[in-house]
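> sequence? don't have it. structure:
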């Protein structure tokens with residue numbers, strides 16, 4: 001029996017639930033992408049201010065975001081994700 005695209009795609013995203021309610025494939029992907037962007041912003045130690053409080057908040061947010069992303073990526077089957085992101089190879093057009 002052939003799997004539908006939705007089943008294959010969902011296997012390539014972490015299974016996330018909030019309050020016991022599972023997120024859809026798109027919702028899980030949105031959460032992962034948003035958290036990745038946030039973690040990237042938190043690489044700047046002064047993202048929330050150049051004072052001690054701002055730097056402490058950045059460190060705490062960065063640590064929490066990275067811990068969550070580590071869990072998300074450990075739940076993803078990378079081979080299926082890469083397969084779904086890799087375009088079908090075609091011979092390049094010679095001009």
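Structure received. All figures in this text were calculated on a predicted structure; none of them were measured in a lab.
> which SSE is the residue lying closest to residue 44 once chain neighbours are set aside in?
Spatial nearest neighbour of residue 44, chain neighbours left out: residue 58 (7.3 Å); criterion: CB to CB, 6 or more residues apart in numbering. In short, each C-beta sits where N, CA and C put it, glycine included. If you go by DSSP states H and E, residue 58 is part of helix 52-75.
> where in the chain is pLDDT low?
1-11, 75-95 (pLDDT under 70).
> gap between residue 38 and residue 21?
Here residue 38 is placed at a distance of 22 Å from residue 21 (CB to CB, to the nearest Å).
> of these two, who's got more company?
residue 38 (16 against 8; other CB atoms under 10 Å).
> Helix, strand, or coil at that one?
With DSSP: H, G, I helix; E, B strand; the rest coil as the basis, residue 38 sits in helix.
> Please look at it and residue 64 and confirm they touch.
No: if you go by CB atoms under 8 Å, residue 38 and residue 64 don't touch, sitting 9.9 Å apart.
> residues contacting the closest residue in space to residue 68 that isn't next to it in sequence?
Of all residues not flanking residue 68 in the chain, residue 35 sits nearest, at 6.1 Å (CB to CB, 6+ apart). If you count contacts by CB atoms under 8 Å, 6 or more residues apart in numbering, residue 35 has them with 65, 68, 69, 72.
> Which one of these is nearest to residue 28?
residue 72 (8.3 Å; CB to CB).
> was I right about residue 46 contacting residue 56?
No: counting by CB under 8 Å, residue 46 does not reach residue 56; the two are 11.7 Å apart.
> follow-up on the earlier one: pretty sure residue 38 is one of the things the residue nearest to residue 44 touches, is it not?
No: the criterion here is CB under 8 Å, and residue 58 misses it with residue 38 at 11.0 Å.
> coming back round to it: what subset of the contacts of residue 35 is buried?
With neighbours counted by 16 or more other CB atoms under 10 Å, those contain buried members at 65, 68, 69, 72.
> Could you look up the SS state of the closest residue to residue 22 other than its chain neighbours?
Counting by CB to CB, 6+ apart, residue 15 is the residue found nearest to residue 22 once chain neighbours are left out, at 6.7 Å. Three-state call for residue 15 (three-state DSSP): coil.
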